[in-house]
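Peer 1: Based on what follows, work out the 3D shape:
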Amino acid sequence: DLLFLVLVNPNTTTFWNYRRRGLLKGDIRPAEELYYTKLILGTHPRSNEALYHRQWIVKTFYSTNSDILLKELDFAVDLAHSYRAHYAVWQYRRFLMQLLGSEHMLHDLGTIEAWLESHPTDSSGWAYMDFLLQSLSALKLLDSTEARSMLHTQLRTVTKTLEIYPERECLWMFKRRLLAHLWHLDNLTTLTHPITDESDTINQILEHAIALFTSRHNGTQSFRSVIAILNCFHSNGLCACPSDLSWCEILQWRHIFFLLRNILDSDWKFELSW
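Peer 2: Residues are numbered from 1 along each chain as shown. Next up, the predicted model:
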């Protein structure tokens, strides 16, 4: 029986194609299929094929039904609650938000802020938050004052979260995205030290690094890798030997390199790959 086979192995595309043909012919009711896929995702939460099938149902039969779309947002966040870093679920949420339109984005921002309080290390959740911020910026739904206030609130949140989880690279990446958004609002092409949104410790390191690369050499400074920069910093007493650095320290140094690149002029060059 096909129904049983899909329950046992929901990642077989042929089965879902067969059910889509049944939906298009009217042999299967869309509402019943939504319920069916919900059951499958309850036992096979990582089934991308089942989630894609659900997305196809929504796109084909409910793309303008705001009630269904809002219920699907709830379903997506419930699924994300149970299974960490579920990239496909967050992609589904992006799809739903694009159907719902801009008027729902600010509300969703609050929903995801609350969700991240319970899941502060979920990389897919932070990536989705960045998607919302980019969308709000592109659609110009906030004036510059409102946008700055919102970004600074997010920056305080992620900075506090980093104090607890400094080993989570997704938090550092999100912080850099927020800083880039803020600099874009202020039409900044380069930064001025000290950076008000950074800690005293990082600003002190930046001060020494800037002095090192602006006073010792007049020519172009070029490095082939982050290791080469760290070796230079180590030889000048700015950091420990690169091989002795912890993962958390490496992430902090990557962040410092990001800031340096935006402070120093184009004559100072390095690669950010590790």
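Peer 1: what about Ile263, how many neighbours?
Peer 2: 17 (other Cβ atoms under 10 Å). In this view, the C-beta of every residue, glycine as well, is placed from N, C-alpha and C.
Peer 1: Wait, it touches Pro194, no?
Peer 2: No - the pair Ile263 and Pro194 fails to qualify as a contact (Cβ atoms under 8 Å) at a distance of 9.9 Å.
Peer 1: tell me, what residue is most central in the chain?
Peer 2: Ala127 (1.3 Å; Cα atoms, centre = their mean).
Peer 1: Do a quick rundown of the strands in the protein.
Peer 2: 221-223, 268-270 (DSSP state E).
Peer 1: And these, which one averages the lowest pLDDT?
Peer 2: Note on these: strand 268-270 shows the lowest mean pLDDT, a mean of 50.
Peer 1: list the contacts for Leu96?
Peer 2: Each residue near Leu96 by Cβ atoms under 8 Å, 6 or more residues apart in numbering is listed here: 58, 69, 72-73, 76.
Peer 1: Quick check: it vs Thr64, distance?
Peer 2: Noted for Leu96: a distance of 13 Å to Thr64, by Cβ to Cβ, to the nearest Å.
Peer 1: intersection of neighbour lists for the two?
Peer 2: With contacts defined as Cβ under 8 Å, 6+ apart, no residue is shared by Leu96 and Thr64.
Peer 1: Let me know the pLDDT of the residue nearest to the centre of the chain.
Peer 2: 96.
Peer 1: give me every residue that touches it.
Peer 2: 90, 170, 174.
Peer 1: if we can go back for a sec, can you flag the buried ones in the contacts of Leu96?
Peer 2: The neighbour count (16 or more other Cβ atoms under 10 Å) marks 58, 69, 72-73, 76 as buried among the contacts of Leu96.
Peer 1: which residues are in contact with both of Ile263 and Pro194?
Peer 2: Leu206.
Peer 1: where exactly do the helices run in the stretch 1-150 of the chain?
Peer 2: Assigned by DSSP state H, counting those that start in this stretch, the helices in the stretch 1-150 of the chain fall at 2-8, 13-25, 30-43, 48-61, 66-82, 87-100, 105-118, 123-139, 144-164.
Peer 1: could I get those as JSON lines with distance to Asp200?
Peer 2: Shown next, in JSON lines, are the helices of the stretch 1-150 of the chain (distance: least, Cβ to Cβ, whole Å):
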{"stretch": "helix 2-8", "distance to Asp200": "58"}
{"stretch": "helix 13-25", "distance to Asp200": "55"}
{"stretch": "helix 30-43", "distance to Asp200": "47"}
{"stretch": "helix 48-61", "distance to Asp200": "45"}
{"stretch": "helix 66-82", "distance to Asp200": "36"}
{"stretch": "helix 87-100", "distance to Asp200": "35"}
{"stretch": "helix 105-118", "distance to Asp200": "26"}
{"stretch": "helix 123-139", "distance to Asp200": "25"}
{"stretch": "helix 144-164", "distance to Asp200": "13"}
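Peer 1: Quick check, Leu7 in contact with Leu41.
Peer 2: No - between Leu7 and Leu41 there is no contact under Cβ under 8 Å: 11.4 Å.
Peer 1: Just want to know which of the two has more residues nearby.
Peer 2: Remark: of Leu7 and Leu41, Leu41 carries more neighbours, 22 against 15, as counted by other Cβ under 10 Å.
Peer 1: Leaving out chain neighbours, which residue sits closest to the more buried one?
Peer 2: With sequence-adjacent residues excluded and distances taken as Cβ to Cβ, 6 or more residues apart in numbering, Leu41 is closest to Ala50, at 5.5 Å.
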